[in-house]
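# coords please:
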Amino acid sequence: MSGLSDFGQLFSVHTQFSATQGPPWVFSKAAMASSTGLLKQAVAEVQLHEKLQREVLRDGVPRLLAAHEDETHLHLVFEYGGTSLIREIATLSDEDRAEVGDAIVAAATRLLARMHGKDCDRRYNDFKPEQLLLTRRPAGAGFQVNVCDLGAATPLGSHPTACTPTCAPPEAGPEMLKYIARLPHPNMGNFFGVKYDSWALGATLVLAVLGFSPWETPEARALADDYDAYDSAVVACITAAPRAYATTPSLGPCLRTCARSWTPRWILTPPRAPRAWSSASATTRSAWASTTGPRRQRRRRCCAARRSAAAELADADAARASKVKAFFEAATAAIDAADQRSAVLQCRVASLEGEAQASAVREVRKDEAAAAAAAAHAAEVAALSAAAVAAAQREAALQGHVAALEAEVLRKNEAATVALMAAHAALADERTACQLHVSALQARLVALEVAGRAAVAEAAAAEEGSWGGGVCGTSRTSSVCSSYDGGGERALDPELLASRPGSPRLSQGSGCEEGEVTAREQEQQHAHTH
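Sure thing, here's the model as predicted:
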């Protein structure tokens, strides 16, 4: 991975068609959806490359090769521009950092000059070391610096946009810096324009040559992983000491190159030399003195020499621009032909897409019909399942009711059987008792009959011996019989009643009727039991 920000990641990848490397800038759609500013930066990146690539973005800016969008990310594929400067600067020696400073001035000044020109009229707004990519030239020919991430560039005088608070110029003032430090995503507006980019270039150059930022304290360095906290700490340092860059050690030849290429208009009025230049090298002091010294003629000669050098550079740029223009004209013709072929192919692709879409619609409708049938079948199965469950529940309830009825019938049968057996036992006992009583009565009756016959015989014998017959004898016999019948019956009644009160043959008065009633009731009960 070559770079990282709040909303995108820069990767270094190797294409499968060639040996060149291209870094795709990947934007997260979720982050862009939550912040309209990030979405505008991504759109501005593409639009600026499409509009200015042939005219302005030539040297020092990787070209935009392709753009691709998927469900979650937006991918922008650029030419390979190198590794991040902010990561490589700590590993370089002092001489290498000086060469890197020259490369920064050579690349950034041309780009910013073209962007600030009338043809472009743009401001970069976000120039900082993190936006620079570094590569080593072959055979030890120095370094090449490329500028990336043009998403924050806006037209001069336009609405405020995202800026870099760590490279804010001290001319912003303490109040503005404090305002920037309080913002979660700082924006500075159109207060600076060209001045802002100029200051940011100088601050970036100082960091590249020194290897550290003059406004970066150990406390701020410890917060490097937290971007907002780091920016707030650096802005606080700028607020406390906005001229801290003036106390840094010698910056080597980079500042001389920067002074020649970037600030020729400042030479007309010699500025005051910073206090820290007393510790600078002799070469740096000599270059500064020749440019800003008190002798007007010498200063004019230096200015003329630098203007002639600038003119030569401008002529070289013009020649190179003419060549580039011719190349781009030929490329434009080729692109137009390719566009025509692309239009034909697009028509063909559109027709194929229409056919595919119609086929897809048919397939979708078939799938929808199948899904509806499956849903109906599932609903029917669910209804049948519910009916089966209800039937099973009713069957279980009926089985429980039948079991309860069977248990109740079994209980009643058992109770009836027990009662019947008890009645049979009682009847058997009563029958046995009746049989015994009848036997006793029969024996008693036999005894009474024997006694009666004996008494009759005795009476007959006595009558024959005393009276000898006649009417009186008859009357006497009748008297004896009457005496036997009446006296004997009266003598037997209490005994018989005591032994068997319910006997139908031995009861007094209505005793016979009561015995008959009792016998009929017993027979009816016995018949009912059976």
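# Show me what the helix or strand where residue 319 lies packs onto, helices and strands only.
Per DSSP states H and E: residue 319 is located in helix 296-466. When contacts are defined as 3 or more Cβ pairs under 8 Å, 6 or more residues apart in numbering; DSSP states H and E, helix 296-466 sits against helix 253-262, helix 282-292, helix 471-482, helix 488-499, helix 511-529. Just so you know, the C-beta spots here come from the backbone N, C-alpha and C atoms, and that holds for glycine as well.
# What average pLDDT does the shortest one get?
Just to be clear, that refers to helix 253-262. For helix 253-262, the mean per-residue pLDDT is 44.
# same deal with stretch 338-352?
Stretch 338-352 comes out at a mean pLDDT of 80.
# got a list of contacts for it?
By Cβ atoms under 8 Å, 6 or more residues apart in numbering, no residue outside stretch 338-352 reaches it.
# got the CA coordinates for that stretch in CSV?
C-alpha atoms of stretch 338-352 as CSV (Å, rounded to 0.1, in the frame of the first residue of the first chain):
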residue,chain,number,x,y,z
ALA,A,338,-11.2,4.6,-31.6
ASP,A,339,-14.3,6.5,-30.4
GLN,A,340,-16.1,5.7,-33.7
ARG,A,341,-15.2,2.0,-33.4
SER,A,342,-16.3,2.2,-29.8
ALA,A,343,-19.6,3.8,-30.8
VAL,A,344,-20.3,0.9,-33.2
LEU,A,345,-19.3,-1.6,-30.5
GLN,A,346,-21.5,0.2,-28.0
CYS,A,347,-24.5,-0.1,-30.3
ARG,A,348,-23.8,-3.8,-30.7
VAL,A,349,-23.3,-4.1,-26.9
ALA,A,350,-26.6,-2.2,-26.4
SER,A,351,-28.5,-4.6,-28.6
LEU,A,352,-26.9,-7.6,-26.9
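# What residues sit buried inside that stretch?
Within stretch 338-352, no residue is scored as buried using 16 or more other Cβ atoms under 10 Å.
# Only C-alpha atoms, please: export stretch 102-112 in CSV.
What follows is stretch 102-112 as a C-alpha-only set of coordinates in CSV (Å, rounded to 0.1, in the frame of the first residue of the first chain):
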residue,chain,number,x,y,z
ASP,A,102,15.7,20.0,-6.0
ALA,A,103,13.3,17.4,-7.5
ILE,A,104,10.4,18.8,-5.5
VAL,A,105,11.1,22.4,-6.7
ALA,A,106,11.5,21.1,-10.3
ALA,A,107,8.2,19.2,-10.3
ALA,A,108,6.0,21.3,-8.0
THR,A,109,6.9,24.7,-9.3
ARG,A,110,6.0,23.8,-12.8
LEU,A,111,2.7,22.2,-11.8
LEU,A,112,1.7,25.0,-9.5
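# quick one: average confidence on it?
80.
# Equivalent analysis for stretch 460-472, please.
Averaged over stretch 460-472, pLDDT sits at 63.
# Use 32 as the first number for this chain going forward.
With the count now opening at 32, the last piece we talked about shows up as stretch 491-503.
# For residue 166, what is the enclosing helix or strand?
strand 163-167.
# Tell me which other helices or strands that strand touches.
Counting contacts by 3+ Cβ pairs under 8 Å, 6+ apart, strand 163-167 packs against strand 114-115, helix 116-119, helix 125-147, strand 174-178.
# what comes up buried for the second one?
Right, helix 116-119. For helix 116-119, a neighbour-count test (16+ other Cβ under 10 Å) marks 116-117, 119 as buried.
# Reformat these as CSV; add distance to residue 169.
Converted to CSV, the buried residues of helix 116-119 look like this (distance: Cβ to Cβ, whole Å):
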residue, distance to residue 169
116, 19
117, 24
119, 17
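# Number of residues surrounding residue 120?
Neighbours of residue 120 under the rule other Cβ atoms under 10 Å: 20.
# need the contact list for it.
Contacts for residue 120 (Cβ under 8 Å, 6+ apart) come out as 128, 131, 160, 238-239, 242.
# Pull out the buried residues from those residues.
Buried residues within the contacts of residue 120, defined by neighbour count using 16+ other Cβ under 10 Å: 128, 131, 160, 238-239.
# Farthest-apart pair in the residues you listed, please.
Of all pairs drawn from the buried ones among the contacts of residue 120, the greatest distance, 11.9 Å, lies between 128 and 160 (Cβ to Cβ).
# overlap in contacts of the two?
Here residue 128 and residue 160 share the contacting residues 120, 239, scored by Cβ under 8 Å, 6+ apart.
# what about the stretch 182-331 of the chain, any weak spots by pLDDT?
The model of the stretch 182-331 of the chain has pLDDT under 70 over residues 182-224, 226-227, 245-246, 248-263, 269-270, 272-331.
# switch to 80 and redo it
Applying pLDDT under 80 to the stretch 182-331 of the chain flags residues 182-234, 237-238, 240-331.
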